[in-house]
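K.L.:
please find the sequence and the predicted model below.
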Amino acid sequence: MILSDKEIKRYLQEGKLKLEPQVEEKNIQAAWIDLKLGNEFRIFKVISTPYIDLKVPVDGYTEVIKISDDEPFILHPGEFVLCCTREYIKIPEDLMGVIDGRSSLGRLGIVVHATAGGIDPGWEGVFTLEVTNVGKMPVSLYPGMKICKLVLHKLSSPAEKPYYKREDAKYYQQTKIEESKIFKEF
């Protein structure tokens, strides 16, 4: 079951679902919450390493760029970046979230969330977004703009092993964009 605006408001009022800064009423839609773009971008560099070995921590492959609210980040055609939501999100054990892109951005060639758009029950942190420009023109992205939507699904019962209880919870309570930690799986 997908939560409606009424249920989203109830979860927020009861403190079961938390977003900081607090979500504005205008950003609660009929079946989702609009999330805003943060000020940090992790861009990928060209390095001399011939390949990425998934068993080894990625080091020096990316660099972080921080910009002010009124400054644009220009995403060029074919470019892939990591960015994050402005909101710090805490999902309760009886919900899971799904991040979805916005149609208005998709019509410009901006794909928001290439792969892992799911948010586990019991997860919290700023959510890392995988953003690509598949269009033919550079596009300016501004911190604080609506970048994606968070759709909340009600579980049939609270999760037995929510994210924060998992031994492999690599991105729990992240407060910034982090590089891949896939090496921890080996």
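P.N.:
Alright, I've got the coordinates.
K.L.:
what strands line up against the helix or strand bottoming out on mean pLDDT in the chain, and which way round?
P.N.:
Among the helices and strands of the chain, strand 118-119 carries the lowest confidence by mean pLDDT, DSSP states H and E, at a mean of 92. Applying DSSP bridges, strand 118-119 is found paired with strand 95-100 (antiparallel).
K.L.:
give me the buried positions along the strand it pairs with.
P.N.:
For strand 95-100, a neighbour-count test (16 or more other CB atoms under 10 Å) marks 95-97, 99 as buried. To be clear about C-beta, it is placed using only N, CA and C from the backbone, and glycine gets the same treatment.
K.L.:
average pLDDT for stretch 107-114?
P.N.:
Confidence over stretch 107-114 (mean pLDDT, whole number) is 91.
K.L.:
show me what counts as buried in that stretch.
P.N.:
For stretch 107-114, by 16+ other CB under 10 Å, it's 109-110, 112-113.
K.L.:
among these, which pair sits farthest apart?
P.N.:
Taking CB to CB as the measure, those span a maximum distance of 14.4 Å, between 109 and 113.
K.L.:
residues contacting the spatially closest residue to residue 145 that is not a sequence neighbour?
P.N.:
What sits nearest to residue 145 in space, not counting adjacent residues and going by CB to CB, 6 or more residues apart in numbering, is residue 37, at 5.3 Å. Each residue near residue 37 by CB atoms under 8 Å, 6 or more residues apart in numbering is listed here: 83, 85-86, 129, 141-147.
K.L.:
go again with 7 Å.
P.N.:
83, 86, 141-145, 147 (CB atoms under 7 Å, 6 or more residues apart in numbering).
K.L.:
got a PyMOL select line for the buried ones in those?
P.N.:
In PyMOL, this line selects whichever of these come out buried by 16+ other CB under 10 Å:
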select buried, resi 83+86+141+142+143+147
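K.L.:
give me the contact list for the longest helix seen in the chain.
P.N.:
Identified as the longest helix of the chain according to DSSP state H is helix 5-13. By CB under 7 Å, 6+ apart, the residues outside helix 5-13 that reach it are 17, 23, 28-30, 33, 152.
K.L.:
tell me which two of those sit farthest apart.
P.N.:
17 and 30 (16.6 Å).
K.L.:
what about those two, which has more around it?
P.N.:
The residue with more neighbours, out of residue 17 and residue 30, is residue 17; 24 against 9, by other CB atoms under 10 Å.
K.L.:
pLDDT value on the more buried one, please?
P.N.:
97.
K.L.:
that one contacts residue 94, correct?
P.N.:
No - the pair residue 17 / residue 94 is not scored as a contact, 10.0 Å apart, by CB atoms under 7 Å.
K.L.:
can you tell me the closest non-neighbouring residue to residue 121?
P.N.:
residue 159 (3.9 Å).
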